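**Q** The following comprises the amino acid sequence and a computationally predicted model.
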Amino acid sequence: MTVDPATRAELAHLNARFAWALDLHDFDALRDLLAPDVHYAGGNGEFHDADAVIASFRARPGTRTTRHGLGNLLLRDGPHATVLGRSSWHTFAANTDPARGVPLFMVADFHDIYARDAHGSWRITERVIAPVFRDDTLASPRTPGAP
């Protein structure tokens, strides 16, 4: 089934908030966007709760400048009052501040599941990131022992 326009707008806004939280290093803001038991699989590893996702972003050492954007947001009704999403994201990244040039780090497909929480707010309950193009020289530095 088709997702209604109001839900589409809410989920587009949720994704924009996610992108800005990463870009501004406001990782606490992710708490309002992720379900507490989110399944998240991306460049930092695979996690099964919001606290672990947030900790993985906080653990990145050094200075990092990023800008995330998304497009081609496809949404459809899923089981049990969820919405299934697929979008393409691009990330410009530099491990310096200020960034130099226009370094494209990655283009990836995001496979998402969204659900409303007890207060009626949409949350990301699952996000699986599948890189399509990636420049490993622009990857975030890793803390020793981190995924």
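**A** That came through, no problem. Numbers count the residues shown, from 1 in each chain.

**Q** where along the protein do the helices fall?
**A** Here the chain has its helices, by DSSP state H, at 5-23, 50-58.

**Q** outside of the last one, which residues touch it?
**A** Contacts to helix 50-58, defined as C-beta atoms under 8 Å, 6 or more residues apart in numbering, come from residues 22, 25, 27-28, 30-31, 34-38, 40, 44-45, 47, 146-147. (Glycine included, C-beta is placed from N, CA and C.)

**Q** Mind listing what's buried along that helix?
**A** Ala50, Val53, Ile54, Ser56, Phe57 (16 or more other C-beta atoms under 10 Å).

**Q** so which of the helices of the chain gets nearest Ala94?
**A** For the helices of the chain, the distance to Ala94 is smallest for helix 5-23, at 12.1 Å, taking C-beta to C-beta.

**Q** elements contacting that closest one?
**A** Identification of packing neighbours for helix 5-23 by 3 or more C-beta pairs under 8 Å, 6 or more residues apart in numbering; DSSP states H and E yields strand 65-77, strand 83-94, strand 122-134.

**Q** Thr66 contacts Phe92, doesn't it?
**A** Yes: using C-beta atoms under 8 Å, Thr66 is in contact with Phe92, at 6.6 Å.

**Q** quick one: common contacting residues for those two?
**A** Phe105.

**Q** hmm, back to that, tell me the most buried of the helices and strands packed on helix 5-23?
**A** Highest mean neighbour count among these (mean count of other C-beta atoms under 10 Å): strand 83-94, with a mean of 19.

**Q** Under the pLDDT cut-off, which ranges of the chain? List them.
**A** For the chain, the stretches with pLDDT under 70 are 1, 142-147.

**Q** Which residue, other than its chain neighbours, is closest to the one residue sitting closest to the centre of it?
**A** Centrality entry for the chain: nearest residue to the mean C-alpha point is Phe18, 5.8 Å, by C-alpha atoms, centre = their mean. Closest residue to Phe18 apart from its sequence neighbours, by C-beta to C-beta, 6 or more residues apart in numbering: Leu33 at 5.3 Å.
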